[in-house]
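Student: here's a sequence, model it:
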Amino acid sequence: MSAETTLQSLTVATWNVHSGVGRDRRYSPARIADVVLETGADVIALQEVGSRDASEVLLDTLVRGTGFYAAADGEVEAMRLLDREA
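Tutor: Below you'll find the predicted structure:
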């Protein structure tokens with residue numbers, strides 16, 4: 001009896017979101033959500049998400065706008081992870 005191996009791919013992206021502010025100096029979590037979806041990534045590491053309060057607002061918007069789940073260590077404010085499955 002032969003065992004079949006099914007390979008699955010995992011796409012990972014990393015992005016410095018500069019606290020949600022783009023090159024045009026506008027705060028736009030919705031724009032970040034659009035780009036997150038365009039990447040096609042399964043897991044995204046976000047750097048410079050912002051202070052605790054600001055990062056929660058940004059992450060709430062990203063979770064609602066992308067369907068990703070947010071994973072974070074409560075001690076780490078500078079980086080957050082988004083993934084497609086809990």
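Student: what sits against the residue lying closest to Val57 once chain neighbours are set aside?
Tutor: Once flanking residues are discounted, Val57 sits nearest to Pro29: 7.4 Å by Cβ to Cβ, 6 or more residues apart in numbering. Bear in mind the C-beta positions are built from the backbone N, C-alpha and C, glycine included. Taking Cβ atoms under 8 Å, 6 or more residues apart in numbering, we find Pro29 in contact with Gly20, Val57, Leu58, Thr61, Leu62, Gly65.
Student: looking at the residues you listed, which one is closest to Val43?
Tutor: Leu62 (13.3 Å; Cβ to Cβ).
Student: report how many residues lie close to the closest residue to that closest one other than its chain neighbours.
Tutor: Nearest residue to Leu62, sequence neighbours excluded (Cβ to Cβ, 6+ apart): Ala33, at 5.2 Å. Ala33 has 20 neighbours, counted by other Cβ atoms under 10 Å.
Student: is it true that Ala33 touches Asp60?
Tutor: No: here Ala33 does not reach Asp60: they are 10.8 Å apart, not a contact under Cβ atoms under 8 Å.
Student: now stretch 13-21: mean pLDDT?
Tutor: The pLDDT scores in stretch 13-21 average 89.
Student: about what we covered before: distance of the residue nearest to Val57 from Val17?
Tutor: Computed as Cβ to Cβ, to the nearest Å, the Pro29 to Val17 distance reads 9 Å.
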